[in-house]
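K.L.:
Okay, here's the prediction I keep looking at, along with the sequence it came from:
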Amino acid sequence: MDSFIATLKPQTIRLDAYDDISSMSSIPFYLWYETPIEPGILAVSFYKTLEEFPILAGRIKTGNDSRNFVVIDKDNLNLPDYTDSSCDVHFQTLKDADFDVRLLPVDYSSACKTPVAPGVFGRCMKLAEFHVLRMKDNSGMCIFASVPHTILDGTGYYSFMRRWAEISKCILAAPGQLEVPVRDYRHDRSILETGVERDSDALEPEVCEILNTSTAVSRWVAWFSPELRGRIFKYLLSSPGICNYYYQLSNAASEHLVKLVQPFIEPTVSHLSANDVITALAAVLFAQALHKAGRLSGEAVFLANVMIDMRPRVKRLTNANYMGNAVIINGATNALDPMLKDCGPQVLAAVACNIRRMVDGIDERYCNQMGYMLNKNPSGCVNLAMQLTKAGNEFMCTNHTRFGWYDTDFGSGSPALVRPAFLTAENDFAIMPGRPGQGGYELA
């Protein structure tokens with residue numbers, strides 16, 4: 001830890017409006033390993049990684065303009081919570097139960113118990129929590145990691161975990177066998193604002209309306225700190241009936257689904273990926289389940305919201321190794337009635353085509369204009385965040401299949417399983433890569 005503190009340079013990182021949209025939630029994952037790593041190695045490599053992610057040791061402040069920023073001061077640090085402990089549960093017991101975390105000690109991690117990042121009354125909100133739990137008889141370990149979404153997006157979170165594993169593996173290797181590769185991670189948010197010009201025709205009219213609207217409530221909430229927003233959204237999103245379910249989808253099954261929809265691909269769509277079809281299938285099943293539960297509104301449409309990475313779409317971000325929030329959330333509008341009557345290939349193709357058209361429509365112009373409007377009107381940013389957390393005729397999909405989760409080898413091999421600890425709210429859906437030796441997908 002001392003070597004980490006010695007490397008710190010005082011700095012202030014102003015957060016972007018894209019960070020503010022996500023300020024109510026965290027990114028929490030479990031990584032399960034059958035062969036544990038010695039505690040000292042994990043701790044040393046953790047603090048080595050933290051040297052490249054100093055933002056995780058800062059304090060969030062809110063300025064007079066309602067915008068948030070992170071202050072990194074070595075004389076007033078806000079170090080991440082890092083815990084290494086053990087339990088009386090054997091790894092094989094958990095593996096046989098498909099890693100059911102209900103078998104773990106109740107106090108395993110305070111961060112495991114909430115999908116939001118409200119902080120704890122009386123102390124500054126931690127910008128990262130990590131808990132290494134070692135199984136009985138040193139039979140395995142679980143690494144739980146939670147980071148407020150306002151600090152890192154999925155790419156940033158994965159990059160930290162991958163870097164931690166990379167450094168640990170190099171330390172464990174024989175002298176001279178492996179060298180830690182040099183990497184440069186960018187946390188400065190100014191890159192998002194560089195070159196942004198107003199382009200009012202780039203966004204859909206309904207999105208512009210949300211972003212331009214300023215109400216008394218949205219102006220008020222715009223001044224809230226991330227901690228207070230977290231507490232409010234935790235209350236709004238809480239429901240005693242929310243459960244997480246996990247399903248396996250083989251490569252053969254996903255390929256079969258793609259083949260089934262091929263004859264019904266619309267002329268305006270060049271191709272459909274497995275991710276498009278899986279997301280469409282989830283949208284149809286969510287719509288039918290919500291209808292059966294009497295949870296749909298009277299609207300005639302169902303919205304399939306998807307998180308879209310801006311990095312491959314915005315030239316200045318493509319090779320920047322940017323760790324802040326660079327995702328746009330947009331929805332594909334689908335006619336509800338066909339989705340409720342059928343789940344056949346024609347309906348799946350129609351929904352998948354809508355999703356593909358929407359995703360393809362998110363280009364550099366769109367991203368620039370969205371950023372311009374979000375930064376111009378903080379209350380519009382609040383409106384968009386509230387719209388995205390509103391349960392109704394919609395669901396939210398996030399995709400982690402492009403991250404090499406099963407390459408996060410700390411030196412003892414690939415993880416047996418990587419899984420989101422929980423999803424943020426009702427109607428959330430995540431596509432994860434399949435486990436080693438199984439392939440395919442895990443759907444949460």
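P.N.:
Cool, got the structure. Numbering: from 1, shown residues only.
K.L.:
so how far is stretch 411-421 from its chain's centroid?
P.N.:
17 Å (CA atoms, centre = their mean, to the nearest Å).
K.L.:
mind exporting it as PDB, just the C-alpha atoms?
P.N.:
The C-alpha trace of stretch 411-421 is given here as PDB (Å, rounded to 0.1, in the frame of the first residue of the first chain):
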ATOM      1  CA  GLY A 411      -1.700 -17.300 -12.100                       C
ATOM      2  CA  SER A 412      -3.700 -20.400 -11.200                       C
ATOM      3  CA  GLY A 413      -5.800 -20.700 -14.300                       C
ATOM      4  CA  SER A 414      -9.000 -19.300 -15.700                       C
ATOM      5  CA  PRO A 415     -12.000 -18.700 -13.400                       C
ATOM      6  CA  ALA A 416     -14.500 -21.500 -13.100                       C
ATOM      7  CA  LEU A 417     -17.300 -18.900 -13.400                       C
ATOM      8  CA  VAL A 418     -17.800 -15.200 -13.800                       C
ATOM      9  CA  ARG A 419     -21.200 -13.900 -13.000                       C
ATOM     10  CA  PRO A 420     -22.900 -10.600 -12.100                       C
ATOM     11  CA  ALA A 421     -23.600 -10.600  -8.400                       C
END
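K.L.:
taking the mean pLDDT, what do you get for that stretch?
P.N.:
Averaging pLDDT along stretch 411-421 gives 94.
K.L.:
What residues sit buried inside that stretch?
P.N.:
For stretch 411-421, the neighbour count (16 or more other CB atoms under 10 Å) marks Gly411, Ser412, Ser414, Pro415, Ala416, Leu417, Val418, Arg419, Pro420, Ala421 as buried. Yep, even glycine has a C-beta here, placed from its N, CA and C like the rest.
K.L.:
Just put those in TSV and tack on secondary structure and distance to Asn305.
P.N.:
Below are those laid out as TSV (DSSP: H, G, I helix; E, B strand; the rest coil; distance: CB to CB, whole Å):
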residue	secondary structure	distance to Asn305
Gly411	coil	38
Ser412	coil	38
Ser414	coil	31
Pro415	coil	28
Ala416	coil	31
Leu417	strand	26
Val418	strand	23
Arg419	strand	21
Pro420	strand	17
Ala421	coil	21
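K.L.:
Including distance to Glu193, could those residues go into JSON lines?
P.N.:
Formatted as JSON lines, these follow (distance: CB to CB, whole Å):
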{"residue": "Gly411", "distance to Glu193": "40"}
{"residue": "Ser412", "distance to Glu193": "42"}
{"residue": "Ser414", "distance to Glu193": "39"}
{"residue": "Pro415", "distance to Glu193": "37"}
{"residue": "Ala416", "distance to Glu193": "42"}
{"residue": "Leu417", "distance to Glu193": "39"}
{"residue": "Val418", "distance to Glu193": "33"}
{"residue": "Arg419", "distance to Glu193": "35"}
{"residue": "Pro420", "distance to Glu193": "31"}
{"residue": "Ala421", "distance to Glu193": "33"}
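K.L.:
from those residues, which is closest to Leu133?
P.N.:
Closest approach between the buried residues of stretch 411-421 and Leu133, by CB to CB: Ala421, at 12.4 Å.
K.L.:
Hmm, Leu104 and the closest one touching each other?
P.N.:
No. Contact criterion CB atoms under 8 Å: Ala421 and Leu104 do not qualify, at 11.1 Å.
K.L.:
now Asn325: how far from Ala300?
P.N.:
The gap separating Asn325 from Ala300 is 33 Å, by CB to CB, to the nearest Å.
K.L.:
Over to His131?
P.N.:
In terms of CB to CB, His131 sits 46 Å off from Ala300.
K.L.:
Compare these two and say which is more crowded by neighbours.
P.N.:
For His131 versus Ala300, neighbours defined as other CB atoms under 10 Å are more numerous around His131 (20 against 9).
K.L.:
what is the more buried one paired to in the beta sheet?
P.N.:
Thr83, Phe144 (DSSP bridges).
K.L.:
Can you list the residue ranges for strands in the stretch 1-150 of the chain?
P.N.:
With DSSP state E, counting those that start in this stretch, the ranges of strands along the stretch 1-150 of the chain come out as 11-14, 26-33, 59-62, 68-72, 81-86, 129-134, 141-148.
K.L.:
residues contacting the residue nearest in space to the middle of the chain?
P.N.:
In the chain, the residue lying closest to the centroid (CA atoms, centre = their mean) is Gly154, at 4.2 Å. Neighbour list for Gly154: Ile27, Met307, Val327, Thr398, His400, Phe403 [criterion: CB atoms under 8 Å, 6 or more residues apart in numbering].
K.L.:
which stretch of helix or strand covers Thr279?
P.N.:
Per DSSP states H and E: Thr279 is located in helix 274-292.
K.L.:
after that helix comes which helix or strand?
P.N.:
Sequence-wise, the next helix or strand downstream of helix 274-292 (DSSP H and E) is strand 301-309.
K.L.:
Give the residue spans of the protein that score low on pLDDT.
P.N.:
Scanning the chain for pLDDT under 70 picks out the ranges 107-123, 194-202, 210, 219-220, 222-223, 225-227, 229-242, 380-381, 383-391, 422-425.
K.L.:
quick revisit: centre of the chain to the helix holding Thr279, how far?
P.N.:
20 Å.
K.L.:
try stretch 128-137
P.N.:
Worked out by CA atoms, centre = their mean, stretch 128-137 lies 21 Å from the chain centre.
K.L.:
For it, buried residues please.
P.N.:
Ala128, Glu129, Phe130, His131, Val132, Leu133, Arg134, Met135.
K.L.:
residues in contact with it?
P.N.:
Under the contact criterion CB under 8 Å, 6+ apart, stretch 128-137 has outside partners 36, 39, 42, 46, 56, 80-91, 94, 104, 108-112, 140-148, 151.
K.L.:
Pull up the distance across it, start to finish.
P.N.:
Length of stretch 128-137, first residue to last, CA to CA, to the nearest Å: 28 Å.
K.L.:
mind checking how far Val314 is from Gly392?
P.N.:
31 Å.
K.L.:
So which of those two has more stuff around it?
P.N.:
Val314 (24 against 15).
K.L.:
No further queries at this time; thank you.
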